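> pasted the sequence and its predicted model underneath.
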Amino acid sequence: MLELIVDAFPSLKAMRHEMHRHPELSLEEEWTAAFVADRLRELGIEVHTGIGGHSVVGVIHGSAPGPSVALRADMDALAIHEQSGLPYASTTTGKMHACGHDGHTAILIGAATHLARTRQFRGTVYLFFQPAEERYGGAQMMIDDGLLARFPAERIFGLHNWPGLRAGAVVVHDGPVMAGTGEFEVTFTARGGHAAMPHLTGDPILAGGHFVTGVQQIAARAIDPLSASVVTIGSFQGGIAQNIIPTKTVLTGTFRAFSLDTLKLIQRRLEEIVGSAAAIAGAQGSIRFDDGLCPPVVNTRAEGKLIRDVAADLFGESELESLPPTMAGDDFGVFLQHLPGAYIWIGNGETGEGAGLHQPGYDFNDDILVRGASLLAATAERALA
C-alpha cells in the first residue's frame, strides 16, 4: 500500500461519511462539488469547476514534462429512501448514495493525496470528478463543454465497487465490462369508449399489450444469438376503470447491449413494433428515446493489462478475480469513445437482502478505500512512467 494513503484513511473515511449524509441527485451536485473542490485545494491541487455541470477537475503536474492520464470518479446519488440505519445515513428524505459514488469520490481524493504530495511521475494527472452519471449523461456533458480540449488526457482509468465480490478483490475485464444503454417512453392513443362497444374505437391497452409481446422478439429474433442484449418494460400505465377503454397508455423501458450497432438496431426495431402494435389495435403510437444512447464500457487491451499488472504487484495475484460482464450500464463508456482506458471492479464484500447496488440498505465498504485509492494512484504513476 502507498503509505500516504494508509495514513489518510481516517480522513477519507470521515469525508465519505460526510458525503453519504448529503446525497445530491444528478444535476444537483452543488454541495458535493464544493466539498470536493475544497479538499483538493487543501492538498495544493489546481482546481477547475463547472465544466458541463457541477463537475470538478483537479490538475496535478509531475516532476517533469511528459504524457497525461485521467482518473475518474462519479459523485451523484439516487432517488431512493435510505433504510440502512447507519449513524451517517442520508439526512435528505428520498435521496441516498445507493451506488457507492461517495466511496468512489473518496477513493479518488485518496489517490490525489498521494500523487499531489509525492509527484513521482512525469507529465500530468487529471482528476475528473463527474456529475450526473445516474441520469442525463454527465460524461457527455463534460466532453461537450470542452473537457478533453482543456485537459487533454491520453488515457483514462476508473473503478466501481461491486457488492457480492470479496472485499478488496479486483476484476479487470478483457474487453466488455458493462453494457451500453438506452431508455424509452411509448405512448398509444385512441378515441376511447365503452368496454362493451370496442368496435367503435381503438384500444391503447391492446396496443400496449402487442408492444410488450413484440418487444420480446427483438432479442429472440432480431439480434445475433452470440450478441447479448436485453429489452425490459419497466412500467405500463393506462385506464381508470374496468368498463372503459381509455384514450391513452404509456409504457417505459430500457434496452442494453455490448455494442452501439446492436443498440441502434434495437432502437429501429422498437420504432417498428410501436407502429405495428398501434395499427393492430386501431390506435396511434409514438416513441421517445431519453438522452441518446450511452455506449458500452469496453476496456482497451493495453490499459486493461496495465491496471491488472499494477493490482497484481500491489496486492498479489490471489486478489485478482474473474467475473462475466454485466448488462448494467455506466457512462464511463463515453470517455472510452474518445480515449483508451480501463474500468475495473473492486469487491465491496458480501451483502444482505436489500443491500446491493441501488437498494435502500446499501452502504459502501470503508475497508476498501485505501486499496482503491492505492490502485488508482499506482496506475497513474505507471501510466506516466
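All right, it came through fine.
> all contacts plus neighbour counts: C-alpha atoms, from now on.
OK.
> toward the C-terminus, what is the element adjacent to the longest helix seen in the chain?
Assignment by DSSP state H gives helix 260-280 as the longest helix of the chain. As assigned by DSSP states H and E, the chain's next helix or strand after helix 260-280 is strand 284-294.
> would you give the sheet partners of that following strand, along with the direction of each?
strand 176-189 (antiparallel) (DSSP bridges).
> where does the residue positioned nearest the centre of the chain land on pLDDT?
Central residue of the chain (CA atoms, centre = their mean): Asp330, 2.9 Å from the mean position. Looking at Asp330, its pLDDT is 97.
> swap in the one 3 residues further on?
Predicted confidence (pLDDT) for Gly333: 97.
> for Gly354, same thing?
Per-residue pLDDT puts Gly354 at 68.
> check the one 10 residues further on too.
Looking at Phe364, its pLDDT is 97.
> correct me, but the residue nearest to the centre of the chain touches Leu293?
No - applying CA atoms under 8 Å, one finds Asp330 not in contact with Leu293, separated by 11.3 Å.
> identify the contacts common to those two.
Common neighbours of Asp330 and Leu293, using CA atoms under 8 Å, 6 or more residues apart in numbering, are Gly180.
> run through the stretch 1-150 of the chain and note the low-pLDDT ranges.
Within the stretch 1-150 of the chain, the stretches with pLDDT under 70 are 1.
> mind listing the helices for it?
For the stretch 1-150 of the chain, applying DSSP state H, counting those that start in this stretch gives helices covering 3-7, 9-21, 30-42, 101-118, 138-144, 147-150.
> among the ones you listed, which is nearest Pro65?
Proximity to Pro65 (CA to CA) singles out helix 101-118 among the helices of the stretch 1-150 of the chain, at 15.2 Å.
> outside of the closest one, which residues touch it?
Taking contacts as CA under 8 Å, 6+ apart, the residues outside helix 101-118 that touch it are 2, 4-5, 8, 12-13, 15-17, 19-20, 36, 39-40, 43-45, 60, 71-77, 127, 129, 159-161, 364-366, 369-370, 372-374, 376-377.
> equivalent analysis for stretch 298-315, please.
1, 155, 170, 172-178, 317-320, 333, 336, 340-343, 375, 378-379, 382-383.
> what subset of those residues is buried?
Among the contacts of stretch 298-315, the ones that count as buried by 16 or more other CA atoms under 10 Å are 155, 170, 172-174, 176-178, 319-320, 333, 336, 340-343, 375, 378-379, 383.
> among those, which are located in helices?
Gly333, Leu336, Leu375, Ala378, Thr379, Ala383.
> and the residue nearest to the centre of the chain, how close does it get to Phe258?
Distance from Asp330 to Phe258, counting by CA to CA, to the nearest Å: 12 Å.
> do the same with Leu159
Leu159 is 19 Å from Phe258, by CA to CA.
> and for Ile218?
15 Å.
> more neighbours: which of these two?
Neighbour comparison, Ile218 and Phe258: the larger count goes to Phe258, with 25 against 18 (by other CA atoms under 10 Å).
> next up, phi/psi of the more buried one, please.
Reported as degrees, to the nearest 10, the phi and psi values for Phe258 are phi -100, psi 10.
> buried residues in stretch 223-235?
Buried, per 16+ other CA under 10 Å, within stretch 223-235: Ile223, Ala228, Ser229, Val230, Val231, Ile233.
> list of residues touching it?
For stretch 223-235, the surrounding residues in contact (CA under 8 Å, 6+ apart) are 212, 215-216, 218-219, 250-258, 262, 327.
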